[in-house]
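Asks: what follows is a predicted structure for the sequence shown.
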Amino acid sequence: MIRLNENEFSSIVDFMRDNYGINLDKKKVLIECRLTKALEKYGARSFADFLNMMKRDKTGMIAGEMVNRLTTNYTYFMREPAHFAVLKEQILPQMFARKHVSFYNIWCAGCSTGEESYTLSMLLQDFKDQEEWMPNVRILATDISQEVLDTAKKGVYPIKEMESLPVAWQKKYCRIIADKKFELDEKLKYHIRFRKQNLMDPVPEGDKFDLIFCRNVMIYFDKSSKEKLLRRFENCLKPGGYLFVGLAELLSREETVLEPAFPAVYKKTVDKN
């Protein structure tokens, strides 16, 4: 295996922090292990050689592959289910009571392979089936990895993942196909648009959101990048909107102007713009 020297390690850490906000300053072994196959693929004789190839690559494909190999895309359906219970029982009824609003926007930031986005779509579809009225809902699902977005768009998953869904949802939204896999009902995709997005870049078109899900993402960011991202979320939320973070990512009052509403859920009570 090609070894990673200190200068090369610093260069990769700086690149990931400066461009994506991801902190890898204690992940030398992880970088060395995960990038070895990429070096072999491109015929690089050293990590410095690989970095030079990446800088010369005008398509951005090599950089994208490096990011994909160095980031963790672990997720599953109904992850942290207490959030979906709060959403169903308290937040959605409250928000959808305002019938003069025709569209609600939701952002799944760091959506990975799409399980969170589809869980939300199932919840919304159930709400629509049970209530007399529901506004149109649009879910923007973003990630920096095109590879995981391609998986998300297909809506096909290993059959083992279906076990985390309620039985009623398994019957209603899932269809077993070949190779021990299942596919999700096409109507679940109606609400969702998947898009490649670096969280360190501005949100296009000045989008404003009623709900933002960014769960178990900021734990990989350094302090400066986390602060920058939280300001972006605060500005992107509509007054009365909610930010969901991971249960291991609780925010202090020094970190955000958003008010705690439920465990790991924060509300924008006043428009700070």
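Replies: Cool, the structure landed. These figures come from a predicted structure and were not determined experimentally.
Asks: quick one: secondary structure of the residue of the chain most remote from its centre?
Replies: Farthest-out residue of the chain from its mean C-alpha position, per C-alpha atoms, centre = their mean: Arg45, at 33.8 Å. Classification of Arg45 by DSSP: H, G, I helix; E, B strand; the rest coil places it in coil.
Asks: now it: how far from Phe15?
Replies: 19 Å (C-beta to C-beta, to the nearest Å). (Each C-beta comes from the backbone N, C-alpha and C, glycine too.)
Asks: now swap in Ala63 and tell me
Replies: Taken as C-beta to C-beta, the span from Ala63 to Phe15 is 8 Å.
Asks: try Lys181
Replies: Per C-beta to C-beta, Lys181 is found 36 Å from Phe15.
Asks: same question, Met134
Replies: The spacing between Met134 and Phe15, counted by C-beta to C-beta, is 44 Å.
Asks: who has more neighbours, the two?
Replies: Taking other C-beta atoms under 10 Å, Met134 and Phe15 do not tie; Phe15 has more neighbours (19 against 16).
Asks: what are the buried residues along whichever strand or helix holds that one?
Replies: Per DSSP states H and E: Phe15 is located in helix 6-20. Under the neighbour-count criterion of 16 or more other C-beta atoms under 10 Å, helix 6-20 has Glu8, Phe9, Ile12, Val13, Phe15, Met16, Arg17, Tyr20 buried.
Asks: quick one: the strands in the stretch 51-200 of the chain?
Replies: Here the stretch 51-200 of the chain has its strands, by DSSP state E, counting those that start in this stretch, at 103-109, 136-143, 156-158, 174-177, 181-184, 192-196.
Asks: low-scoring stretches of the chain, by residue?
Replies: 99-100, 132, 204-206, 270-273 (pLDDT under 70).
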